[in-house]
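In: Following is a predicted model, sequence given first.
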Amino acid sequence: MWLQKEMSLKVKKRGFHLITDEILQQLPEIEQLKVGLLHLFIKHTSASITLNENADPTVRQDLERHFNVLAPENAPYYEHIFEGADDMPAHIKSTLIGSNQSIPVTNGLLNMGIWQGIYLCEHRDYATARTLVVTLNGE
Amino acid sequence: MWLQKEMSLKVKKRGFHLITDEILQQLPEIEQLKVGLLHLFIKHTSASITLNENADPTVRQDLERHFNVLAPENAPYYEHIFEGADDMPAHIKSTLIGSNQSIPVTNGLLNMGIWQGIYLCEHRDYATARTLVVTLNGE
Amino acid sequence: MWLQKEMSLKVKKRGFHLITDEILQQLPEIEQLKVGLLHLFIKHTSASITLNENADPTVRQDLERHFNVLAPENAPYYEHIFEGADDMPAHIKSTLIGSNQSIPVTNGLLNMGIWQGIYLCEHRDYATARTLVVTLNGE
């Protein structure tokens, strides 16, 4: 079975956001899969997707602070600067973190660890709604 | 054909470890696939999976040393500190390196380059056994 | 439907290169898929694959400059130095950026954002042609 749909996520402010529930609420079809994979793809180059801890919110705040160190604004060698100081760091974070993730599906549920959640990482200061292509494959 | 199983890996010390053989020993079913993909997913947020050189062990040691620079302990802005100095760096490394990888399968074998191997990257000082969800799909 | 083939890419100089067209020219079979996924896998540990902006070339130049800061040559703690100053940074970049990516296919086309393209990231100063394993799966 293949199922593919585009999802628009609610606008997020810059930072790391837990979106497991926001995705699953738009994906009731996952219950039909006994075994398979969920593929998440973000159609943007200044936001990214990852998995990380779903409990303590300071993990997400520390990630935002540390990725701002790893990909700082206003590095003297940036030439791609006309879209704002947050733009080139956003492209760097996109490649460091990734635009796509695959998660196993088992007996109709995401088979993640109990502490794992899906994150939308918003790297722009003033973003619009982000679009995911969500693909379910399995049987 | 879909095959999915959970694998428990032997406890590893902090660092980068070659686990290609440890996975394949628990996956004899790969021989049945003429063409397909192997998906590896780690059910943790303080360890990660990557592919890198399978020969010289100093590559793995240099990776451990350099990721300790990229995600240092005790950064002054960390707030998630109650699980130990190695914990927040482990979460950062997890997102930098990744929790899931897919590898092509061709004629019953992993179709990697001759110098490529699968790594378990253990980011905690005192970890317990890590669990992978391994999914084979193909025909 | 499964289709898998190896592709040799034209030799690239060190840096980030847009290869969307180079891949699609060798993959006319993608038109047969109504829904599915394209999996790209690079069989090397000193080059990597990512998605990022397909328009302004300064994004690719800034990425090259910034990844040279994130994974510098001649760090005093590198022990894997016998293949040249560019070698250990190449391995680090490979794990930071990734060796494999999956992209949704919808109605015979890659379903990326309009600003997204596929990059080959060449991390060696003098590389030979790089090989990808390309796997199409869908219906």
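Out: Perfect, thanks for sending it.
In: what sits up against stretch A:49-63?
Out: A:15-18, A:20, A:40, A:42, A:97-101, A:103, A:112, A:115-121, A:132, B:45, B:77-80, B:88, B:91-92, B:94-95, B:98-100 (CB atoms under 8 Å, 6 or more residues apart in numbering or on different chains). Backbone N, C-alpha and C define where each C-beta goes, glycine included.
In: buried sites along that stretch?
Out: By 16 or more other CB atoms under 10 Å in any protein chain shown, the buried positions in stretch A:49-63 come out as A:Ile49, A:Thr50, A:Leu51, A:Asn52, A:Glu53, A:Asn54, A:Thr58, A:Val59, A:Arg60, A:Gln61, A:Asp62, A:Leu63.
In: Is the residue in chain A positioned nearest to chain B in a helix, a strand, or coil?
Out: Closest residue of chain A to chain B, CB to the nearest CB: A:Gly113 (3.4 Å). What DSSP: H, G, I helix; E, B strand; the rest coil gives for A:Gly113 is coil.
In: likewise A:Lys13?
Out: Going by three-state DSSP: A:Lys13 is coil.
In: nearest residue to it other than its sequence neighbours?
Out: Sequence neighbours aside, A:Glu122 is the residue nearest to A:Lys13 in space, at 6.6 Å (criterion: CB to CB, 6 or more residues apart in numbering or on different chains).
In: so what's the most centrally placed residue in chain A bridging to?
Out: Residue closest to the mean C-alpha point of chain A, counted by CA atoms, centre = their mean, is A:Ile49 at 2.2 Å. For A:Ile49, the beta-bridge partners under DSSP bridges are A:Leu120.
In: sorry, back to before: weed out the non-buried ones from the contacts of stretch A:49-63.
Out: A:15-18, A:20, A:40, A:42, A:97-101, A:103, A:112, A:115-121, A:132, B:45, B:78, B:80, B:88, B:91-92, B:94-95, B:98-100.
In: Contacts only, for the one residue in chain A that gets nearest to chain C.
Out: Chain C sits closest to A:Lys43 of chain A, with a gap of 3.4 Å, by CB to the nearest CB. When contacts are counted by CB under 8 Å, 6+ apart, A:Lys43 is found next to A:Arg130, A:Thr131, A:Leu132, A:Val133, C:Asn111, C:Met112, C:Gly113, C:Gln116.
In: hmm, try it at 6 Å
Out: Neighbour list for A:Lys43: A:Thr131, C:Gly113 [criterion: CB atoms under 6 Å, 6 or more residues apart in numbering or on different chains].
In: any idea which helix or strand carries the residue of chain A positioned farthest from its centre?
Out: For chain A, the largest distance from the centre (CA atoms, centre = their mean) belongs to A:Pro76, which lies 28.5 Å off. Using DSSP states H and E, A:Pro76 sits in no helix or strand.
In: Look up how far C:Asp62 lies from it.
Out: 11 Å (CB to CB, to the nearest Å).
In: Enumerate the residues of chain A near chain B.
Out: Contact residues, chain A versus chain B (CB under 6 Å from any CB of the partner chain): A:35, A:50-53, A:56, A:58-59, A:62, A:65-66, A:97, A:102, A:104, A:111, A:113, A:115-116, A:139.
In: Export the longest helix seen in chain A to CSV, keeping only CA atoms.
Out: If you go by DSSP state H, chain A has its longest helix at helix A:57-70. C-alpha atoms of helix A:57-70 as CSV (Å, rounded to 0.1, in the frame of the first residue of the first chain):
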residue,chain,number,x,y,z
PRO,A,57,11.4,21.5,26.4
THR,A,58,14.8,22.7,27.4
VAL,A,59,16.3,20.2,24.9
ARG,A,60,14.6,22.1,22.1
GLN,A,61,15.7,25.4,23.4
ASP,A,62,19.3,24.2,23.8
LEU,A,63,19.3,22.9,20.3
GLU,A,64,18.2,26.3,19.0
ARG,A,65,20.9,28.0,20.9
HIS,A,66,23.6,25.6,19.9
PHE,A,67,22.7,25.5,16.2
ASN,A,68,22.9,29.3,16.3
VAL,A,69,26.5,28.8,17.3
LEU,A,70,27.2,26.1,14.7
